[in-house]
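Chemist: A structural model of the following input is requested.
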Amino acid sequence: MPDQATALRAILLPLTEQNLLLPAAVIAEVVDYVEPDPDDSWPGWVLGVFAWHGQMLPLVSVEAALGLESPRVRGRRTRIVVLHTLGGPSGLPRYGLLVNDTPRVVSVWPESLGVCALGEGVEPYVRQRVTLPDAESAIIPDLDALQGALLAPG
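Modeler: Have a look, this model is predicted:
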């Protein structure tokens, strides 16, 4: 196994049929699911807005953003992962992602990831599809593109 010092701390977020892999640094908090309030001012893959520490944040269904069916039934293990935005305009400092279960911390060595090739523009919010060393697959989302779409005038 590679040196522990070179491992990146990441979070594996379970979706219905896939996982997202994010750097731990972008995650502000994981909270229990709350039903979002409807808000049509966001893109169609935003489920609504929810209150988080006195702020109203958009709740994103990554599955819907990827063109997949977003789960309609929320289980008792459904969570919201609150993310910090990555630089750029300050109009949206945080937003939430809907996940199907409690995220888990994983150590990732970049050289140990199996990378799947993507066609240009095939999946607009996917930076890369990878296979983890334990053969579990994950999507590394394109957070810049996702945030840009959230901030684009609707």
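Chemist: number of nearby residues for the residue lying closest to residue 137 once chain neighbours are set aside?
Modeler: Once flanking residues are discounted, residue 137 sits nearest to residue 131: 5.3 Å by Cβ to Cβ, 6 or more residues apart in numbering. Glycine gets a C-beta too; all of them are placed from N, C-alpha and C. Neighbour count for residue 131, taken as other Cβ atoms under 10 Å: 14.
Chemist: wait, residue 131 sits on residue 108?
Modeler: No. In this structure, residue 131 is not within contact of residue 108 by Cβ atoms under 8 Å, at 11.4 Å.
Chemist: next up, the contacts around the residue nearest to residue 100 when sequence neighbours are not counted.
Modeler: Nearest non-adjacent residue to residue 100, counting by Cβ to Cβ, 6+ apart: residue 14, 5.0 Å away. Neighbour list for residue 14: 99-103 [criterion: Cβ atoms under 8 Å, 6 or more residues apart in numbering].
Chemist: could you redo the last one with a cut-off of 7 Å?
Modeler: 99-101 (Cβ atoms under 7 Å, 6 or more residues apart in numbering).
Chemist: check the gap between it and residue 135 for me.
Modeler: 16 Å (Cβ to Cβ, to the nearest Å).
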